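Q: can you look at this prediction? I've put the sequence above it.
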Amino acid sequence: MTDIIRVAVAGPFTEALDYLPPANGPAPAVGVRVRVPLGRRERVGIVTAGPTASDLAADRLRPIIDVIDPTPLLDPATMALIEWAARYYHHPPGEAYLTALPTRLRRGEPATPGQSTAWHLTDAGRAAQPDARARRAPRQRQLLEALQRSGTLTPVQLAGIGGDARSVLRRLVEQGLAATDTAPDYGLLPGRADQPGAALNDEQQACAAAIRPTAGHAAILIDGVTGSGKTEVYLDAIARSLECGRQVLVIVPEIGLTPQLVQRFQSRLSGRIAILHSGLADGERLNAWLAARAGVADVVIGTRSAVFVPLARPGLIVIDEEHDASLKQQEGFRYSARDLAVLRAYRSDVPVVLGSATPSLESLANAAQGRYQHHALTRRAGHARPPSMQLLDMRGQPTREGLSQPLIDRVQSHLDAGGQALLFLNRRGFAPTLICHECGWLAECDRCDARYTYHRGRGRLHCHHCNREQRLPHHCPSCGSVDLRALGLGTERIEAALTEAFPQTPPVRIDRDSTRRRGSFEQAMQRAQTGETRLILGTQMLAKGHHLPAVTLVAIVDADQGLFGADFRAPERLAQQVIQVAGRAGRAERPGEVVIQTHHPEHPLLQQLLHGGYPAFARTALAEREAAGLPPMRAMALIRAEATDRHAPLAFLRAAVPLAPADDAVERLGPFPAPMERRAGRHRAQLMLLADSRSNLQAVLSGWLPALGRLPEARQVRWSVDVDPAESL
DNA sequence: AGCACGCCGACT
DNA sequence: GTCGGCGTGCTC
């Protein structure tokens, strides 16, 4: 038996691979990156164990090519978290390790931060008498004084001085008065702590008091209505953590990591802040990651993947908008940043805070079972009162492009009273369907089982599922009629209807189409926030975060689409959307009003929301999930398969069923075709597993999945497992 | 996932 | 006679 090193490399391997130690030099430590041969290629991998014995025949072993890191890149806790996640989500560990690393480290580049030049005075420079300086050119004098004042000058500070400071400095260096050195530059943002926080009310105080940075692990769910000041509680807890010398990790949904949020953190906290999100340049991302790992950053604000960032001195983890589906990766390594953050906090023995105005049913169930502390923030900050909510029965109502007369009247009266109105419709484009009035032909995408959405502004048909676009046909391809009509509602159409109904008050539309240009979202929001525009309409994008204090009316244009979704989570999503959008209204002095257009005013979900708000809805929804045997009461996993061939996905899943380990504790549903069977030219099917316990589910998956890859049918499909799926479509 | 090998169709 | 299509199989 030869001593080998285990190395996790990207590829379809369920385990790390065995390698001989490098020919020249000692065995690399666990946690360092190495370059290894794999087939004809060379790969970067992470050492996960060794030296140890191999089960493999010696003649199949190849040596490590070289060792990249002098010291471990990943600490044991981070490695254990990634290993655990790879097993739990049944994803190859090598891929899990590499997705946890910034691109540059993945490619094997050195783990060193950016460098910046800094200038300082030499002894000669310091010794130069003030009067001697006085004889110098004014620019030189200015820089000498600046160097004297601040000790060193960095490029950022130089930019503040202006002019061609660099060439003046070069002169000073030539004269021996100044010298350069290089210093690591992690590109961190300074916390300025120059704004006082609002005093916490008693609810916020009780909640903040429960977050004790040095008292070990606790999971705290902050269930706070919009405007109740969750962020103030986070900031209070973060500041106390920083005072204890601990780092804080804040995880936010992709869309939540806005400059405004960063600004707010900077203005309220001291210490250095690192930002981690997908929009960063490779170098910036590497710097932020290294700063977190080195303990140079005190606060790390990041999206999903930041849950894996190593921390030198972890003290607190915050997950904002914990209900948000974007915290679950939807392809490849399908991990939940929220769930992993809770596990990580537990293992690091630090508190974790989960905040939302509309907590996921998962988190509410955890709270009910005593695993999380549950803190409700029921009062809005300042004098803002909760909005009143009202259903508008659409049945039999005449409508103008989807707007009922009562809704138009409400909008008018709010505008008359000097308020702003916000209309929410979660469907962009002009209309979701284009139909031939002569023969009934529908404009359908030829790659998806879906209809084209008609975008009038662009004069095109657009499939929202595969992004295929087409010019608008002049006449029906089936019968030749020119009477093609738009059926149904989209934001463009509402915009047109509003423009006509309120000619004096031009609306601003905020959706992915209208905000495609860089900065146009901020611009539109600006117009809404300053009151320059008093009619605001849009999608999803409106529901998140931004304060619109002058909005007094919020209208949900069409609640019906969310009531009968195929996904069992559709009602939860609708409720969250309604509450989040409603939360935009009446945040200032004026009371807000929320109206919901529906053809199903008697629907229990709407009735619950209306009379008991989100908590009442959640109670009912949890009872329904319990009765139906669905998450969060039971654990779920999906096995998905897709292929260009129509029959292959179902054939694969049917072949898979008999290989499943017998276990009565795990219920199997399907296989069945996905609700939208064909998408982007691929046919899709799935098989659902439900179990009373996660460990039963895991046992079945572990005993089953390895056999699936060996099925001949597996070669015809792309298949994947999704543990705790966020969408079961 | 890559990247080879290998065994059948249309081309300089 | 080759160039190249993508089915099949392997990587420690």
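A: Yep, that arrived. Numbers count the residues shown, from 1 in each chain, chains lettered A, B, ... in the order given.
Q: wait, is A:L638 part of a strand?
A: Yes - read with DSSP: H, G, I helix; E, B strand; the rest coil, A:L638 is one of the residues of a strand.
Q: I'd like to know how far it sits from A:Y234.
A: To A:Y234, A:L638 is 33 Å away according to CB to CB, to the nearest Å. C-betas here are computed from N, CA, C, even on glycine.
Q: closest residue of the stretch 51-200 of chain A to DNA strand B?
A: Proximity of the stretch 51-200 of chain A to DNA strand B (CB to the nearest atom of the strand) peaks at A:E95, 8.1 Å away.
Q: run a quick neighbour tally on that residue.
A: When neighbours are counted by other CB atoms under 10 Å, A:E95 registers 18.
Q: A:L638 and A:Y234: which has the busier surroundings?
A: Neighbours per residue (other CB under 10 Å) separate A:L638 from A:Y234, with A:Y234 holding more: 24 against 21.
Q: for the more buried one, which non-adjacent residue is closest in space?
A: Spatially, and ignoring its direct neighbours in sequence, A:Y234 is nearest to A:V318 (5.1 Å; CB to CB, 6 or more residues apart in numbering).
Q: how about A:G94?
A: Leaving out its chain neighbours, the residue that sits closest to A:G94 by CB to CB, 6+ apart is A:A8, at 4.2 Å.
Q: return the distance of the residue of the stretch 251-400 of chain A found nearest DNA strand C relative to A:A165.
A: Closest approach between the stretch 251-400 of chain A and DNA strand C, counting by CB to the nearest atom of the strand: A:G332, at 17.1 Å. Per CB to CB, A:G332 is found 47 Å from A:A165.
Q: element containing the residue nearest to A:Y234?
A: Using DSSP states H and E, A:V318 falls within strand A:314-320.
Q: for that strand, packing partners?
A: The elements that strand A:314-320 packs onto, with contact taken as 3 or more CB pairs under 8 Å, 6 or more residues apart in numbering; DSSP states H and E, are helix A:230-243, strand A:247-251, helix A:337-348, strand A:352-356.
Q: minimum distance to DNA strand B: which of those has it?
A: helix A:337-348 (22.6 Å).
Q: buried set for that closest one?
A: A:337-346, A:348 (16 or more other CB atoms under 10 Å).
Q: stretch A:84-98 now?
A: Neighbour counts over stretch A:84-98 (16+ other CB under 10 Å) mark A:85-86, A:88-98 as buried.
Q: and which of the residues you listed is nearest DNA strand C?
A: Among those, A:P92 lies closest to DNA strand C (CB to the nearest atom of the strand), at 10.3 Å.
Q: for that closest one, give me its contacts.
A: A:10-14, A:86 (CB atoms under 8 Å, 6 or more residues apart in numbering).
Q: okay, it: pLDDT?
A: pLDDT recorded at A:P92 is 96.
Q: again with A:G114
A: For A:G114, the pLDDT comes out at 93.
Q: report the beta-bridge partners for it.
A: Counting by DSSP bridges, A:G114 is bridged to A:D185.
Q: does it touch A:P184 like I think?
A: Yes - in terms of CB atoms under 8 Å, A:G114 counts as a neighbour of A:P184; the distance is 7.3 Å.
Q: in the stretch 1-150 of chain A, which spans are strands?
A: Taking DSSP state E, counting those that start in this stretch, the strands of the stretch 1-150 of chain A run over residues A:3-9, A:17-19, A:33-38, A:41-53, A:66-67, A:114-121.
Q: and the fourth one, what other elements does it pack with?
A: So that's strand A:41-53. strand A:3-9, strand A:33-38, helix A:76-88, helix A:93-99.
Q: change it to 7 Å
A: When contacts are defined as 3 or more CB pairs under 7 Å, 6 or more residues apart in numbering; DSSP states H and E, strand A:41-53 sits against strand A:3-9, strand A:33-38.
Q: which residue packs closest to the residue in the stretch 451-600 of chain A positioned nearest to DNA strand C, ignoring adjacent ones?
A: In the stretch 451-600 of chain A, the residue that lies nearest DNA strand C is A:C466 (20.2 Å; CB to the nearest atom of the strand). Take A:C466 and drop its neighbours on the chain: the residue closest to it by CB to CB, 6+ apart is A:A680, 3.8 Å away.
Q: what's the answer for A:T78, then?
A: Residue nearest to A:T78 in three dimensions, not counting chain neighbours: A:P310, with 4.5 Å by CB to CB, 6+ apart.
Q: can you tell me how far A:A239 sits from DNA strand C?
A: 48 Å (CB to the nearest atom of the strand, to the nearest Å).
Q: for the closest residue in space to that residue that isn't next to it in sequence, grab the count of nearby residues.
A: Excluding its sequence neighbours, the residue lying closest to A:A239 (CB to CB, 6+ apart) is A:L269, at 6.0 Å. Using other CB under 10 Å, A:L269 is surrounded by 23 other residues.
Q: likewise the one 5 residues further on?
A: A:A274 sits with 27 neighbouring residues when counted by other CB under 10 Å.
Q: repeat for A:G519
A: 9.
Q: distance check, it against DNA strand B.
A: Between A:G519 and DNA strand B the computed distance is 34 Å (CB to the nearest atom of the strand).
Q: and if you look at A:P213?
A: On the measure of CB to the nearest atom of the strand, A:P213 and DNA strand B end up 42 Å apart.
Q: report the secondary structure state of that residue.
A: On the basis of three-state DSSP, A:P213 is classed as coil.
Q: which residue packs closest to it, ignoring adjacent ones?
A: Nearest residue to A:P213 in three dimensions, chain neighbours excluded: A:S241, at 4.1 Å (CB to CB, 6+ apart).
Q: what pLDDT is listed against that neighbour?
A: Looking at A:S241, its pLDDT is 97.
Q: mind listing what it touches?
A: When contacts are counted by CB atoms under 7 Å, 6 or more residues apart in numbering, A:S241 is found next to A:213, A:248, A:315-316.
Q: dump these to JSON lines, plus pLDDT.
A: Converted to JSON lines, these look like this (pLDDT from 0 to 100):
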{"residue": "A:P213", "pLDDT": "92"}
{"residue": "A:V248", "pLDDT": "98"}
{"residue": "A:G315", "pLDDT": "97"}
{"residue": "A:L316", "pLDDT": "98"}
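Q: so which pair among those residues is furthest apart in space?
A: Distance extremes for these: the farthest pair is A:P213 and A:V248 at 8.7 Å, using CB to CB.
Q: anything in contact with each of those two?
A: Between them, A:P213 and A:V248 share the contacting residues A:241, A:315-316, judged by CB under 7 Å, 6+ apart.
Q: format those as TSV; extra columns: distance to A:R715.
A: Below are those laid out as TSV (distance: CB to CB, whole Å):
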residue	distance to A:R715
A:S241	52
A:G315	49
A:L316	48
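Q: separation between the residue of the stretch 51-200 of chain A closest to DNA strand B and A:A85?
A: A:E95 is 11 Å from A:A85, where distance means CB to CB.
Q: more neighbours, A:P213 and A:V248?
A: The neighbour comparison of A:P213 against A:V248 (other CB under 10 Å) goes to A:V248, with 29 against 20.
Q: show me what that one is bridged to.
A: A:V299, A:L316.
Q: how much space separates the residue in the stretch 601-729 of chain A that DNA strand B sits nearest to from DNA strand C?
A: At 6.3 Å from DNA strand B, A:R718 is the closest residue in the stretch 601-729 of chain A, using CB to the nearest atom of the strand. A:R718 is 12 Å from DNA strand C, where distance means CB to the nearest atom of the strand.
Q: again with A:E438
A: To DNA strand C, A:E438 is 41 Å away according to CB to the nearest atom of the strand.
Q: now do the same for that residue: helix, strand or coil?
A: Per three-state DSSP, A:E438 ends up coil.
Q: what's the neighbour count on it?
A: A:E438 has 15 neighbours, counted by other CB under 10 Å.
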